[in-house]
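Any chance you can model this:
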Amino acid sequence: MTEPDRGVSAQAWLARLAECSEPGPGVTRLPFTPEHRAALGILTEVMQQAGLAVSLDAAGTLIGRLEGPAGAPVLLMGSHQDSVREGGAYDGIMGVVLPVLALRDLKAEGVRLPFAVEVLAFADEEGVRFPTALMGPRALAGTFDMAALDMCDRDGVCLRRAMQDFGLAPDDLPRLKRDPAQILGWIELHLEQGPVLERAGQPVGIVTAICGIERHGVTLTGKAAHAGTMPMQMRRDALAGAAELVLALEALARDTDGLMANVGTLKLRPGAVNAVPGEVTLTVELRAPSDETRARAGAELTRRASEIAARRGLGLEMTRTYAQAATPCAEAISAWLSRAAANTGQEAPHLPSGATHDTSAMADLCPVGMLFTRCRNGISHHPDESVDPDAMSAAIDVLARVLRDVGQAHEHSAPDGPVPGH
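Residues are numbered from 1 along each chain as shown. Sure, this is the predicted structure:
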């Protein structure tokens, strides 16, 4: 298949999958729903066209398997089928379709690989329907908490019941745990969800790490007062202190390589137009591809908040409410992706992922790597989300080349080092 045709084919499959959605703008496809079932039917069709044997595991993960020689290890690829509410047609699902199309190309060329390949379509990565996520990869890694089966959606339907109604056996989840010794690694393809690749004029990029995350709850307490009678120099304005902290956080992130920072919520009391705010509560989120960078930023944030509060005569309560370690991508798999991109004529910049992906959970099982495609205007989780056919075609080329290269490395003991997982 020629390069333009390959991208058009990908677009056609994704357009069909986008129709597997609740009514309304964009794509709304939640796990264990009729829309999920419809998407599985289309994914099964494209997988079978590529010569893959298709099955559904107890977590609702659709698996397309290209068998290898007896006893051969397996290379895992894929992403998730679900979306956010009124999301886009590419997030997650593109990372299932494009690896299948790469395998279809290799099949058409008569390429035989010395290992098995599985393309996985996980049921739930977004965590929109249930207050849990990443069940599919966590089940494979043996890290899924079975207590999550009792969590319910907004209609009162528990995860266990939803899975059973979908024809699954949730009590079998512990049996899904894979043996790491039999896995070469995991590669996830995903749209960037940001503007870096588009600005660089490149169709694909290599992910260095999934950023770690930490969140802080901050409360600054001053003294509420009448806004028309309390002199400015005598005020203990909690909002003014919060504003200074927000700007200090922005400056810290701009001055620290790789650090992203955000204040996403802010509440003030008493919340009257003519009252000096006496208390402000806000949330701070820090993300960085390096846990050391993130930890230093958290400590510096605490220092600056304390200094601002002391200077302004404010009380300060600050608590770290959440922490998630960064997930570095395996150097060997990133090197495979880089070589494959170069050999297909792509420069493929290296960049971190600020968003979390299935890869973060798969890292508990095996070495991981990620390939990004550019997306129009950096938009994602929105009906306007879009990846152009040329970028998808370039990604298919890179994935197909990786499969060839890994095959050669596996057969001939690659000179650049051992095969990941061995």
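
measure P31 to D172 for me?
According to C-beta to C-beta, to the nearest Å, P31 stands 17 Å off from D172. C-beta: built from backbone N, CA, C; applies to glycine.

actually R215, sorry about that
For R215 relative to D172 (C-beta to C-beta), the value is 34 Å.

quick one on the thing from earlier: P31 and D172 - which one has more neighbours?
P31 (28 against 12; other C-beta atoms under 10 Å).

I figured that one hits S83, correct?
No: contact criterion C-beta atoms under 8 Å: P31 and S83 do not qualify, at 10.1 Å.

what's the spacing between the longest helix seen in the chain and its chain's center?
Across the chain, the longest stretch assigned as helix under DSSP state H is helix 389-412. With C-alpha atoms, centre = their mean, to the nearest Å as the basis, helix 389-412 stands 21 Å off its chain's centre.

could you give me the average pLDDT of it?
For helix 389-412, mean pLDDT is 92.

Renumber starting at 42 from here on
Yep, numbering from 42; the last one is helix 430-453 now.

same for that helix, what does it pack against?
helix 44-59, strand 115-121, helix 135-149, strand 224-232, strand 245-251, helix 372-384, strand 409-414 (3 or more C-beta pairs under 8 Å, 6 or more residues apart in numbering; DSSP states H and E).

what's the angle between that helix and strand 409-414?
150 degrees (axes from the mean of the first three to the mean of the last three C-alpha atoms, to 10 degrees).

domains of the chain?
Per automatic domain parsing, the domain ranges recorded for the chain read 44-251+367-453, 253-365.

and among those domains, the most buried is which?
Mean neighbours per residue, mean count of other C-beta atoms under 10 Å, is largest over the domains of the chain for domain 44-251+367-453, with a mean of 20.

export the helices and strands packed on helix 430-453 to CSV and tack on distance to R345?
Compiled in CSV, these are given as follows (distance: least, C-beta to C-beta, whole Å):
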stretch, distance to R345
helix 44-59, 45
strand 115-121, 38
helix 135-149, 39
strand 224-232, 34
strand 245-251, 26
helix 372-384, 35
strand 409-414, 33
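
And the ones you listed: which comes nearest N303?
Closest approach to N303 among these is made by strand 245-251 (16.9 Å; C-beta to C-beta).

Let me see the mean pLDDT of that closest one.
98.

following that strand, which helix or strand shows up next?
The C-terminal neighbour of strand 245-251 among helices and strands, as given by DSSP states H and E, is strand 253-262.

For that following strand, which helices and strands make contact with it?
Counting contacts by 3+ C-beta pairs under 8 Å, 6+ apart, strand 253-262 is packed against helix 279-296, strand 320-329, helix 332-353, strand 356-365.

Looking at the helices and strands packed on helix 430-453, spot the one closest to E159.
Here strand 115-121 is closest among the helices and strands packed on helix 430-453 (C-beta to C-beta), at 5.3 Å.

what angle do that closest one and helix 135-149 make?
Here the directions of strand 115-121 and helix 135-149 differ by 140 degrees (the same axes, to 10 degrees).

And for strand 115-121, what's in contact with it?
Residues outside strand 115-121 that contact it (C-beta atoms under 8 Å, 6 or more residues apart in numbering) are 106, 109, 133-137, 140, 156-167, 177, 223-231, 398-399, 403, 407, 440, 444, 447.

Walk me through which strands it pairs with, and which way each runs.
Applying DSSP bridges, strand 115-121 is found paired with strand 157-163 (parallel), strand 224-232 (parallel).

Adding distance to S347 and mean pLDDT, write those strands out as a markdown table.
Shown next, in a markdown table, are the strands paired with strand 115-121 (distance: least, C-beta to C-beta, whole Å; pLDDT from 0 to 100):
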| stretch | distance to S347 | mean pLDDT |
| --- | --- | --- |
| strand 157-163 | 43 | 98 |
| strand 224-232 | 39 | 98 |
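
Show me the one of those that comes nearest T414.
strand 224-232 (5.2 Å).

can I get the CA coordinates of that closest one in PDB?
The C-alpha trace of strand 224-232 is given here as PDB (Å, rounded to 0.1, in the frame of the first residue of the first chain):
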ATOM      1  CA  ILE A 224       7.700 -10.300  26.900                       C
ATOM      2  CA  LEU A 225      10.100  -8.300  24.700                       C
ATOM      3  CA  GLY A 226       8.500  -5.000  25.700                       C
ATOM      4  CA  TRP A 227       5.600  -2.700  25.200                       C
ATOM      5  CA  ILE A 228       5.200   0.100  22.600                       C
ATOM      6  CA  GLU A 229       2.300   2.600  22.700                       C
ATOM      7  CA  LEU A 230       1.400   5.000  19.900                       C
ATOM      8  CA  HIS A 231      -0.600   8.100  20.900                       C
ATOM      9  CA  LEU A 232      -1.300  11.500  19.600                       C
END
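
Now do it against strand 245-251, angle only.
110 degrees.

Can you tell me what sits against the helix or strand following strand 224-232?
Per DSSP H and E, the first helix or strand lying C-terminal to strand 224-232 is helix 237-241. With contacts defined as C-beta under 8 Å, 6+ apart, helix 237-241 is touched by 233, 244-246, 388, 390, 392, 413-419.

Mind putting the residues you listed into TSV with distance to N303?
Output for those, formatted as TSV (distance: C-beta to C-beta, whole Å):
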residue	distance to N303
E233	18
P244	28
V245	27
G246	23
E388	30
P390	24
L392	19
F413	21
T414	25
R415	23
C416	20
R417	23
N418	20
G419	16
